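>>> Here is a sequence together with a model predicted from it:
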Amino acid sequence: MAAKDLVTSGNTVIGPSILINGKLTGDEDLTVRGRVEGELSLTKTLIVEPSGVVKANVTVKNAVVSGVVVGNIQATESVELTQEGRMVGDIRAPRVIIVDGASFRGRVDMGELPPGRSLPERTTPRTQLRPTVRSLPAPPPRPAAATTAARPGAATTAARPGAAAVAKKSGGMPGLVRGESARPTPPPPPAPPVVAAGSKKKVVLKKKK
Amino acid sequence: MANTVIGSSIVIDGEISGDEDLVIQGTVKGKISLRESLFVEGSGVVEADIETQNVEIAGRVTGNIQASDKVELKADCRVVGDVKAPRILIADGASFKGNVDMDVKER
């Protein structure tokens, strides 16, 4: 358990049978296996272990919650709710991680600037996705061109600008982009069936791909 | 090794209670009540009333101390307050100001 190693290296531990009621401040990591009520502010990391209960307004740099927290957490870096973590209250931190299995009720505020930083990182993989999306639609046009009907040509040309438009829009909203980028890939296949009514050749080519 | 440690940069203003050993390297103000041992280390500062079974003090304590078993004031400690316990040890070099009560009802 890496977490426990970190714990033992940290100076301050509140043991499982300990109850602290009041105000707690400090400049070091704090591990809570017992109970802390009141107010808690640290310049480092708060670790609430599975047996730990914190009923307090918390101000820290990082918080890792595997136990129970009732109250608001304000972190200058990150707040992580692990699988065993349960929390009721508001979280305010640039990075908030809520793992599958965690239970949480309250508001999350990640501020404004930090998401902007993460944008470029996420957009790069998306740009990689887009070319693949474009390359896929490219082949279908060939068969379409061979036995051209008015519909297929229109559909393919329409699909491309559509994808481009999506790409442009995606710059603003990272979260949504993935969903949209996933959608553009299907469109090429749908186009064929429409075309397919005209000729069997097209269908065969698509199956090979 | 005690389960609970209050590190040197930690300040607690309030009440601490529990059933296990407690080591204080930081600052505690308010009240401490334990059923086990309290260790106030050299860097520890306690401004609180203390109720425990055992206390070992090497740091500073201001407040009344009541122990069901033993109070030990170590060489470099500074204690101001009343001490009440069946066994009280004051080491050479300790600084202490207050009343001592070893009142043993067993007599």
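Received it, and whenever you're ready, just let me know what you need.
>>> quick one: low-confidence ranges for the chain?
Picking chain A for this. Scanning chain A for pLDDT under 70 picks out A:1-10, A:113-209.
>>> you looked at the wrong chain, it should be chain B
The low-confidence ranges in chain B, as defined by pLDDT under 70, are B:1-2, B:104-107.
>>> Who does the residue of chain A found nearest chain B form a beta bridge with?
Evaluated by C-beta to the nearest C-beta, chain A has A:G22 as its residue closest to chain B, separated by 1.1 Å. The way it works is simple: take the backbone N, C-alpha and C, and place the C-beta from them, glycine included. The residues listed as beta-bridge partners of A:G22 by DSSP bridges are A:G38, B:G14.
>>> Equivalent analysis for the one 10 residues further on, please.
Note on A:V32: beta-bridge partners by DSSP bridges are A:I14, A:V48.
>>> Tally up the residues packed near it, please.
29 (other C-beta atoms under 10 Å in any protein chain shown).
>>> Kindly report the same for A:I97.
For A:I97, the count of nearby residues is 13 (other C-beta under 10 Å).
>>> One more: B:D19?
Other residues lying near B:D19 total 14 when counted by other C-beta under 10 Å.
>>> could you measure it against B:R35, distance?
5 Å (C-beta to C-beta, to the nearest Å).
>>> same check, this time on B:K74
In terms of C-beta to C-beta, B:K74 sits 22 Å off from B:R35.
>>> before we move on, back to that, list the contacts of the residue of chain A closest to chain B.
A:37-39, B:12-15, B:30 (C-beta atoms under 8 Å, 6 or more residues apart in numbering or on different chains).
>>> Would you mind writing the CA trace of stretch A:71-79 as CSV?
Extracted C-alpha coordinates of stretch A:71-79, given in CSV (Å, rounded to 0.1, in the frame of the first residue of the first chain):
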residue,chain,number,x,y,z
GLY,A,71,-18.0,19.9,5.0
ASN,A,72,-16.5,22.1,2.3
ILE,A,73,-13.0,21.5,1.0
GLN,A,74,-11.0,24.2,-0.6
ALA,A,75,-7.7,23.0,-2.1
THR,A,76,-5.1,25.1,-3.9
GLU,A,77,-4.1,22.0,-6.0
SER,A,78,-6.3,19.0,-6.0
VAL,A,79,-9.0,17.0,-4.3
